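Student: Sharing a model prediction with you, sequence too.
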Amino acid sequence: MQICETKSELRSALQKLRKDGKSVGLVPTMGYLHEGHMTLVRRAVAENDVVAASIFVNPTQFGNPEDLEKYPRDMERDLNLLRAEGVSVVFTPVPSEMYHANAQTIVETKDLANTLMGELRPGHFRGVATVVTKLFNLFQPTRAYFGEKDYQQLLVIKTMVRDLDIPVDVCGVPTVRETDGLAMSSRNVRLSDAARKAAPIIAQSLDHADTLVASGITVASLRQKIWDHIATETLANVQSIDIQDAYTLAPLDGKIKSDIVILVAVEFDPVLLIDQRVISV
Ligand code: AMP
């Protein structure tokens, strides 16, 4: 497995690997890998001739400097995990390698970037879209793999690829969970013991939603019931619960008559956890 810290090392590594029209699968990550990331990697290995990954904690998608600074990192462990799965090349740039000191260009999926989680975290999706565009240009992958856990992010990337004619197949992968239902996240290690015990309430509230939708509930009362359920946990500070059209993220009201996605963001001080559930009707 080749580890490339610079763009030029990456380009020459990929040039050799891509010979004879080999397909390349890319898994972009911010590191501190868990079973969720490794599921993306395994799918990429199954579907492509060559698999590449990136480990880059992207400063431009963090609004809060403390969140960026405290983001967990363990490069050696991550590299061993990727090597064990048969990844061929890993890109591990520092921010000054990734971004020109006088960078002027951003990529923004206008409406989609500034609604929902984008309102809660201004500038976040612009940072994501810009860095993922750069990764697509650097790797020129055949396919790229992203988790459905970051549902709005997945839609932002699919939209940007469509609008900018980027020649990559964007593949979504279902959320991988701990045995108690908590969505796996690199941030989970920052939870206190008490918060870690409490956090599965998020997934439980979503399990509960399936039955409520089947009973013909309205959007407003479904939202309220999920909110109340999570709020029974005193450590949980609900930031947002949004129930939107599953494919466009358009707002909905009244009885639920089409496929929805429920997007939940809950803070267990100081860690923001997100989860989602698509419900087909
Ligand atoms: P991150 O390192 O948090 O930026 O995540 C890198 C990729 O892994 C993103 O596409 C995430 O959506 C995906 N991912 C993170 N957690 C999970 C999970 N629990 N299940 C599936 N995919 C995940």
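Tutor: Yes, it's here. Please read these numbers as outputs of a predicted model, since none were measured by experiment. Numbering: from 1, shown residues only.
Student: roughly how far apart are the closest residue to Ile201 other than its chain neighbours and the ligand?
Tutor: Of all residues not flanking Ile201 in the chain, Glu233 sits nearest, at 4.5 Å (CB to CB, 6 or more residues apart in numbering). C-beta coordinates here come from the backbone N, C-alpha and C atoms, glycine included. Going from Glu233 to the ligand by CB to the nearest ligand atom, to the nearest Å gives 20 Å.
Student: How about the secondary structure of Glu233?
Tutor: coil (DSSP: H, G, I helix; E, B strand; the rest coil).
Student: Run a quick check on it versus Arg196, I expect a contact.
Tutor: No: using CB atoms under 8 Å, Glu233 is not in contact with Arg196; the gap is 12.0 Å.
Student: What are the phi and psi values at the residue nearest to Ile201?
Tutor: Glu233 adopts backbone torsions of phi -90, psi 110, taken as degrees, to the nearest 10.
Student: Can you name the residue of the stretch 51-200 of the chain nearest the ligand?
Tutor: Closest to the ligand within the stretch 51-200 of the chain is Gly147: 2.3 Å, counting by CB to the nearest ligand atom.
Student: Could you pull up the residues touching that residue?
Tutor: 36, 40, 154, 172-173, 175-176 (CB atoms under 8 Å, 6 or more residues apart in numbering).
Student: again, 6 Å this time
Tutor: 36, 173 (CB atoms under 6 Å, 6 or more residues apart in numbering).
Student: Could you do Thr60 as well?
Tutor: Taking CB under 6 Å, 6+ apart, we find Thr60 in contact with Gly127.
Student: So for it, what pLDDT did the model give?
Tutor: Here, the pLDDT recorded for Thr60 equals 97.
Student: again, but for Leu33
Tutor: Taking Leu33 on its own, its pLDDT is 98.
Student: Over to Ala13?
Tutor: What the model reports for Ala13 is a pLDDT of 97.
Student: Now do the SS call for it.
Tutor: Following three-state DSSP, the label given to Ala13 is helix.
Student: wait, it sits on Glu5?
Tutor: No: counting by CB atoms under 6 Å, Ala13 stays clear of Glu5, with 11.3 Å between them.
Student: more neighbours, those two?
Tutor: Ala13 (19 against 12; other CB atoms under 10 Å).
Student: and Phe139, what does it touch?
Tutor: Contacts for Phe139 (CB under 6 Å, 6+ apart) come out as 26, 52.
Student: meant to ask about Thr130
Tutor: 106-107.
Student: quick one: what helix or strand has it in it?
Tutor: Per DSSP states H and E: Thr130 is located in helix 124-139.
Student: Show the subsequent helix or strand relative to that helix.
Tutor: Assignment by DSSP H and E places the next element after helix 124-139 at strand 143-147.
Student: which parts of the helix or strand bottoming out on mean pLDDT in the chain are buried?
Tutor: Across the helices and strands of the chain, the lowest-confidence element by mean pLDDT, DSSP states H and E is helix 117-120, at a mean of 91. Neighbour counts using 16 or more other CB atoms under 10 Å place 117-118 of helix 117-120 among the buried residues.
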